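Participant: okay, here's the prediction I keep looking at, along with the sequence it came from:
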Amino acid sequence: MRVLWFCIPAFGHTNPTIEVVRELVRRGHEVRYYSFEDFREKIEGAGAEFVPCDAYLPPIDEKAERRLRKVSTTEMSVQSFRTVANLDPLVSADVASWRPDVVVTDSACFWGKLTAAKHGLPWVCSTTTFAFNQQSSKYMSHSAAEMADILFGLPRLNRGIRKLRPLGYEVKSALDIVSNKPDDNTIVYTSRLFQPCSETFDEEHYRFVGPSVRDVTPKEKSGRPLVYASLGTVINDRPDFYRTLIDAVRDTSVDLLISCGRAFDPAQLGKMPANVRVEQYVDQMEVLSRTSLFVTHCGMNSASEGMWMGVPELLFPLTGEQRAVARRVAEVGAGVPLEEAVAREAAALRKTVLAALADERLREGAAHMREDLRSCAGPVGAADFIEQVAGLS
């Protein structure tokens, strides 16, 4: 079987696919993975053929870059439409010569979805967030700014769509490409228990395979509790929040490790107390194996990795999608919300952190989700489903 795989340039969307790719290759299938240089090592390490797409990303001006940093749905969609057009000659020639049996594409990767539609190929949607339909989408609470971005961005989206039609991409509307249909074959990297409104997704077309993560044996937590804080790799430029968190644990019996990403130099945070360490990157699974409380932005990957390791979570979402994940983590008892007002005041934040560390019910909820997620079919089940869609089983 030949698998043509597409993904956007985002760690949270790429990382869950790696073990599935590895499993497909182990079974003797060929995987050709269209991605970006930041992910080459992981993709080739899983045994796939890597196809770089960096040169096909459209150039962006300063205004567009600011919108992307704020996760503007309109700007991301417009840039995606342009990427579809840029990649079209390469991908169309590849499909004609390599003749893939199935396409697997990230749910947010327009060029993957549209390639499958244009060339009439069977395809699988790789969903690293929740599966969204009319019922589950109610979990998405957009801010006024996010709603305005979507509403006022419609004319730009429609112009982008019209430019794709002469290339053979029959797109009726932006909603037509963004949303999934009930009969779209979809892998979802979570469990049915964690998925909102899971009863509205049929067994035939939706496979809830659980997180696709590198497992690490949890370490026994003894001595001083470790609080680990990360706001992910996209919207993590929040030195104000990190300073407040550092002040909150100052002169306590709690150790704090912050992973701040590339958004700013850790030196900006000033001199650290003895119980605080700040790194741009860490081995998150290894850190979670010895963590007592995870302060997280509630990206699906991070929230899932925390629950996989049975770590209670302090939930600090920054986007609509993250708010949906945070709501569900709280509903299953594995985390508690951190309000923005509390996050701005060190004394209140200290009280919240210490209360979460002492909450036995929170530890029980996290342990329950650990068992639930680990009971899923995982990469083996995902590979089985891809083979089925390709007609091999």
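Facilitator: Structure's in. What do you need?
Participant: residues contacting residue 285?
Facilitator: When contacts are counted by Cβ atoms under 8 Å, 6 or more residues apart in numbering, residue 285 is found next to 213, 214, 215, 216, 305, 309. Yep, even glycine has a C-beta here, placed from its N, CA and C like the rest.
Participant: could you check the pLDDT of it?
Facilitator: As predicted, residue 285 sits at a pLDDT of 93.
Participant: immediately after the helix or strand where it lies, which helix or strand?
Facilitator: Assigned by DSSP states H and E, residue 285 belongs to helix 284-288. Per DSSP H and E, the first helix or strand lying C-terminal to helix 284-288 is strand 293-296.
Participant: partner strands of that next one, with direction?
Facilitator: strand 226-230 (parallel), strand 313-315 (parallel) (DSSP bridges).
Participant: quick revisit: neighbour-wise, which one of the contacts of residue 285 leads?
Facilitator: residue 309 (25 neighbours; other Cβ atoms under 10 Å).
Participant: contacting residues for the closest residue to it other than its chain neighbours?
Facilitator: With Cβ to Cβ, 6 or more residues apart in numbering as the criterion, residue 309 has its nearest non-adjacent residue at 4.3 Å, and that residue is residue 288. Residue 288 is in contact with 216, 228, 294, 305, 306, 309, 311, counting by Cβ under 8 Å, 6+ apart.
Participant: wait, which of the residues you listed is closest to residue 50?
Facilitator: residue 305 (24.4 Å; Cβ to Cβ).
Participant: gap between the helix holding residue 285 and the chain center?
Facilitator: Distance, stretch centre to chain centre, for helix 284-288: 17 Å (Cα atoms, centre = their mean, to the nearest Å).
Participant: does residue 102 touch residue 388 like I think?
Facilitator: No - judged on Cβ atoms under 8 Å, residue 102 makes no contact with residue 388 at a distance of 9.7 Å.
Participant: with neighbour numbers in mind, choose between these two.
Facilitator: Under the criterion of other Cβ under 10 Å, the comparison of residue 102 against residue 388 puts residue 102 first, with 23 against 16.
Participant: now the more buried one: closest residue in space that isn't a chain neighbour?
Facilitator: Closest to residue 102 by Cβ to Cβ, 6+ apart is residue 390, at 3.9 Å.
Participant: tell me how many other residues surround that neighbour.
Facilitator: Residue 390, neighbours per other Cβ under 10 Å, totals 21.
Participant: could you check how far it is from residue 328?
Facilitator: As for residue 390, its distance to residue 328 is 31 Å (criterion: Cβ to Cβ, to the nearest Å).
Participant: before we move on, what about residue 289?
Facilitator: 23 Å.
Participant: got the contact list for the residue nearest to residue 297 when sequence neighbours are not counted?
Facilitator: Nearest non-adjacent residue to residue 297, counting by Cβ to Cβ, 6+ apart: residue 231, 4.3 Å away. Counting by Cβ under 8 Å, 6+ apart, residue 231 touches 238, 241, 260, 261, 296, 297, 316, 318.
Participant: list the ones among these that fall in helices.
Facilitator: Those of the contacts of residue 231 mapping onto helices are residue 241, per DSSP state H.
Participant: could you dump the contacts of residue 231 to JSON lines with distance to residue 275, pLDDT and neighbour count?
Facilitator: Output for these, formatted as JSON lines (distance: Cβ to Cβ, whole Å; pLDDT from 0 to 100; neighbours: other Cβ atoms under 10 Å):
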{"residue": "238", "distance to residue 275": "21", "pLDDT": "82", "neighbour count": "18"}
{"residue": "241", "distance to residue 275": "18", "pLDDT": "92", "neighbour count": "22"}
{"residue": "260", "distance to residue 275": "17", "pLDDT": "86", "neighbour count": "22"}
{"residue": "261", "distance to residue 275": "22", "pLDDT": "82", "neighbour count": "18"}
{"residue": "296", "distance to residue 275": "20", "pLDDT": "97", "neighbour count": "28"}
{"residue": "297", "distance to residue 275": "23", "pLDDT": "94", "neighbour count": "24"}
{"residue": "316", "distance to residue 275": "20", "pLDDT": "96", "neighbour count": "23"}
{"residue": "318", "distance to residue 275": "26", "pLDDT": "86", "neighbour count": "22"}
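Participant: closest to residue 269 among the contacts of residue 285?
Facilitator: Proximity of these to residue 269 (Cβ to Cβ) peaks at residue 305, which lies at 24.3 Å.
Participant: what secondary structure does the closest one sit in?
Facilitator: Secondary structure, DSSP: H, G, I helix; E, B strand; the rest coil: residue 305 is helix.
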